[in-house]
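**Student:** structure for this input, please:
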Amino acid sequence: MPDNDARKNAEEQIKHLARDPELVPALLHQIRNARSANVRQLAAVLLRKKIVGLWMKLNPQLHASLKNLLLESITLDNSLAVRRASADVVSALAKQDVPAGNWPELLPFLFQCSQSLQEDHREVALVLFSSLTETIGEILRPHFATLHAIFLNGLRDQSAKVRVAALKAGGTLVGYIESEDEVRMMRELIAPILDVSRYCLETGSEDVAVLAFEIFDELIESPVSLLGQSIPVIVHFALEVALNSKWEQSTRYQALQTISWLAKYKPKTLVKHKLVPAIISSMCQILSEEDFELDEYSVSADRAAAEVLDTMALHLINKHVFPHVFSFALSNFQRSEYSIREAAVMSLGIIAEGCYEIMRSNLTDILNLVLQAFEDQEKAVRGAAGFTIGQFAEHLQPEIVLHYERVLPCIFKVLTDPNAEVQEKAYYALAAFCEHLGSEILPFLPVLMERLVATLQCSRRDLQETCMSAICSTAAAAQSAFIPYAPGVLELMKSFLVLTADEDLPARARATELVGIIGTAVGRQYIEPVLPSFVEAAISGFSLDYTELREYSHGFFSSVAEILEGDLEQYLPRLVPLAYATCDLDDGTTVDFEVENEDGEFGDVSSDDGDDNNQNLRNVSIRTGVLDEKAAATQALGAFALHSKGAFMPYPFACVVMELYLMCLKSDSDKDTVAQVCTCLAEIYRHQDAKAMEPFFLLTSEEVLKLLRQEATCQRTDDTDDEDDGQLDTDQALMDAVADVLPAMATCMGPSFEPIFSQHFEALMKFSKESRAANDRTMVIGCVAEIARAIGSQIIPYIPRVMPVALQELRSAEAANRRNAAYCVGQLCKNGGVKAEEFYGSALAALHPLFSEGEEDVVRDNAAGAVARMITTQSQALPLSQVLPVLVRALPVKADLEEATAVYTCLSNLILASQPEILPLVPQVLPIFAKVAASTDELPEEAKVLIGRAVAHLLSHYRDEMQPLLSNIPADQANALAAIVRKI
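**Tutor:** Just a heads-up that it's a prediction; the model follows:
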């Protein structure tokens, strides 16, 4: 039986000893005199933990002698571990005493050691200088040149141990570089760092060799440009290491990480030095390697290479990346080695997000390659095809959806693949693809849902999660057509929403999301009876402390707000606090340090402590999932405000939510979060009146201006090398969201928005330059068009700058650009008065090709809207006899029904005015009106009323001529038209 009293007494003695300043000399005595090196090292570890707290309690007359004992241990002990542990004690004490001027002998002593003939002295001097640079770096700043010389000599030392110590110390100078001379000195270290790293690789010390890459990563991230002309040398060394399969996966990963960092922070420099082709070729080669069996915390070289390709695609201009990757894919997708075929297909999916613009233009050729891979005999290649199609569906919209008749059958074929991993990737592809479909999915719906429901009842959680994601996309695409399937799926969801085991919570999160998506798809009357139980289940999930579940629950609550609208009030007292609690979460990096407890105990002690550069570092945690959770919570708050209207007013919406959003714009470093906040802000501004939002106009304007100037916290970069063609890449999702805020503010403020617009105009227009990407240019045109609609004649001063850009975009190869440009021309003409009239001739000439039969419907509709607005505003400025026949041939409006009001209002008003040029076209116009009357598409009542008046006017003045025309119209359409006329 243990003697509890004896144990308690021992613990009390230890606590008392830990608070006794005499512990310091006692431990120093052990450090200098104990026979066992392990005992001496342990004594040093203990002393390092206690010396700062006990030092000032000692008799000051003892300080000098105790310091001498420490320095003796550093230089005289025959154990490297003891010398290093003693150096850690010196570092801890120096942090306190050197800045106070109480240890003037230390630095001269270390400088002397660094020049010693004994390699052990030189080694420990470098170890201690490294530690001191991290703790009292500002005190050492005046000695920067001397430290540089010591480190440089150390890297060139004849002793391998000294060179390794210098390599470990090499990165500590980075944070203290200020002058050009110091930049030059730091660059002098790069070549010898590479030499030492190579030596370590050759001698089997890979764990030391990778320190070179860690140093390079710090140099790359530094706000000061430190690498200069060394970047090509670093890249070639990193590629040399990454390509060599004899090295450990972790070593190769570090090399690849350095290349990834360069692609992220120095993309233009890689282009300038013509390094991109070699990097891409090497990444594709590594990507072709077979997967290695690794533990869950390791990253294989092929996955790291995929990260590099993804980073390059995101941060370099498309033309520098896509041609090389596509060439690799074309050359290798029929190779006999399955891993190379897999890499050929996978590489295209990896770059899809970054190279979306150029890939959308080459999609047919790319799909010809990828879809063949679904037929491959190897499961890895079929899985790669599923992954790649999923990436295309996420990032190559809207063009990829146009190929649904080719893509969906290929996906369906592998939904029943014998390999479960291939099935999972197929369901991922299906979910991503269906998310952007509409009625196109309806012919596939029965067979699709049969397979999805069957898979949902399998035993594999990961497959169930992917299947639920696919059902989410299917329901969103099918809308009311999903009603027959909703009860069965919702019943299955009940079993998922009671799961509490950690490994089951991802599935519960997906199920929560799916219920909300189904609810918004099928409508309130079908979901409301079962909604309360699902809301309760979602709320209860917050007690499980799982960030992904909270994220999806906030998304579900957004759906509930959309479904219930004003009746959401019953849930607000419980939902709003949950959203606020998430918004208050810390989403940064947390670093915990060991500290002695209030009883003065030592805490955990290990003799290995002395070999760690960050002795007190206990735990580092980066909780990136919280960013997604906070984004979902902010979106939920916006949904509550938008849909519940007055019911939300008891909550401090204006004071809390808006301030939270604006703080995020100002300080958040995550682009996705900032983009989400911009989307929420735009939605709120569109649906709130100016008086309620007035306190936030100025702050919103300031933060949006920073984002347009690419000066916001989330956009900071230091890669300043000039690109060869002057083109700049932007984060498209972020900038699209930013550009939505300005029109939303204009909608809220009306003409009074013009002074704010004037402040943003130049920053916005820089994105419209011909050298910019097509998406940037159309973003500007769309933004200005919506602002023009909101502020009316206040747009006139900007027309000379904007109209030429819009006219140029009418000739764009991108349909989205032509569409937005046509809409913009129409709004500028509608609101531009005489100033816009100057451009009518050029506008008509540029719009005319958009009326061709080969043009996309949505583009033609916007061209028709533009011409209609021009006629309505300044009909005398157009040759109506030439313009009207072209306009009428393009009708009815087919794809963009928002243009229908402008078009049909224009024609109706011309008829009501008995405009001579419209009367000969009545035989063509009347059937169009009849089709519109019979259509199930929603058309504003205003337009229908005008159509009715126009037809009534024709019947009143030209009844004889109208009868044969009406008799030729199908009966259902004629009856619908007559019903409209009777309402007049």
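**Student:** use CA for all of it now, contacts and neighbours both
**Tutor:** OK.
**Student:** low-scoring pLDDT stretches of this protein, where are they?
**Tutor:** The chain contains residues with pLDDT under 70 at 1-18, 134-135, 137, 175-176, 223-224, 291-299, 586-625, 645-656, 717-730, 937-938.
**Student:** ends of stretch 760-780, what's the gap?
**Tutor:** Taking CA to CA, to the nearest Å, the first and last residues of stretch 760-780 lie 11 Å apart.
**Student:** list the buried ones in that stretch?
**Tutor:** 760-761, 763-768, 772-780 (16 or more other CA atoms under 10 Å).
**Student:** got phi/psi on the residue nearest the centre of the chain?
**Tutor:** Nearest residue to the geometric centre of the chain (CA atoms, centre = their mean): Asp672, 4.0 Å. Per-residue torsions, Asp672: phi -60, psi -40 (degrees, to the nearest 10).
**Student:** repeat for the one 5 residues further on
**Tutor:** Backbone geometry at Val677, expressed as degrees, to the nearest 10, gives phi -60, psi -40.
**Student:** that one contacts Thr634, doesn't it?
**Tutor:** Yes: judged on CA atoms under 8 Å, Val677 makes contact with Thr634 at a distance of 7.0 Å.
**Student:** quick one: common contacting residues for the two?
**Tutor:** Shared contacts of Val677 and Thr634 (CA atoms under 8 Å, 6 or more residues apart in numbering): Tyr661.
**Student:** helices of the stretch 501-650 of the chain, start to end?
**Tutor:** Applying DSSP state H, counting those that start in this stretch to the stretch 501-650 of the chain gives helices spanning 505-522, 524-527, 531-540, 547-564, 572-583, 625-644.
**Student:** same deal with the stretch 251-400 of the chain?
**Tutor:** Under DSSP H, counting those that start in this stretch, the stretch 251-400 of the chain gives helices at 267-272, 276-287, 301-315, 318-332, 338-350, 356-361, 363-372, 379-395.
**Student:** adding mean neighbour count and distance to Lys168, write those helices out as a markdown table.
**Tutor:** Formatted as a markdown table, these follow (neighbours: other CA atoms under 10 Å; distance: least, CA to CA, whole Å):
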| stretch | mean neighbour count | distance to Lys168 |
| --- | --- | --- |
| helix 267-272 | 20 | 27 |
| helix 276-287 | 20 | 27 |
| helix 301-315 | 24 | 24 |
| helix 318-332 | 18 | 35 |
| helix 338-350 | 26 | 35 |
| helix 356-361 | 19 | 42 |
| helix 363-372 | 17 | 46 |
| helix 379-395 | 26 | 41 |
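**Student:** need the contact list for the closest residue to the residue nearest to the centre of the chain other than its chain neighbours.
**Tutor:** Nearest in space to Asp672, with sequence neighbours left out and distances taken as CA to CA, 6 or more residues apart in numbering, is Leu734 at 6.9 Å. Contact analysis of Leu734 by CA under 8 Å, 6+ apart lists 671-672, 674-675.
**Student:** and of the residues you listed, the nearest to Leu497?
**Tutor:** Asp672 (28.1 Å; CA to CA).
**Student:** run a quick neighbour tally on Glu214.
**Tutor:** A count of nearby residues for Glu214, using other CA atoms under 10 Å, gives 17.
**Student:** on the three-state scheme, it is what?
**Tutor:** With DSSP: H, G, I helix; E, B strand; the rest coil as the basis, Glu214 sits in helix.
**Student:** how much space separates it from Lys246?
**Tutor:** Distance from Glu214 to Lys246, by CA to CA: 20 Å.
**Student:** helices of the stretch 651-800 of the chain, start to end?
**Tutor:** 658-667, 671-687, 690-693, 697-708, 732-749, 754-765, 774-791, 799-809.
**Student:** what's the closest of those helices to Val98?
**Tutor:** helix 658-667 (35.9 Å).
**Student:** so the closest one versus helix 572-583, what angle?
**Tutor:** On the basis of axes from the mean of the first three to the mean of the last three CA atoms, to 10 degrees, helix 658-667 is oriented at 20 degrees to helix 572-583.
**Student:** helix 658-667 vs helix 697-708, what angle?
**Tutor:** Here helix 658-667 runs at an angle of 30 degrees relative to helix 697-708 (the same axes, to 10 degrees).
**Student:** residues contacting helix 658-667, please?
**Tutor:** Counting by CA under 8 Å, 6+ apart, 583, 634, 674, 677-678, 681, 696, 699-700, 703, 712-714 sit against helix 658-667.
**Student:** about what we covered before: can you redo the helices of the stretch 501-650 of the chain as TSV with mean neighbour count and distance to Arg461?
**Tutor:** As requested, those are exported to TSV (neighbours: other CA under 10 Å; distance: least, CA to CA, whole Å):
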stretch	mean neighbour count	distance to Arg461
helix 505-522	25	7
helix 524-527	16	26
helix 531-540	16	19
helix 547-564	25	15
helix 572-583	17	27
helix 625-644	24	20
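**Student:** what secondary structure does Trp103 sit in?
**Tutor:** Secondary structure, three-state DSSP: Trp103 is coil.
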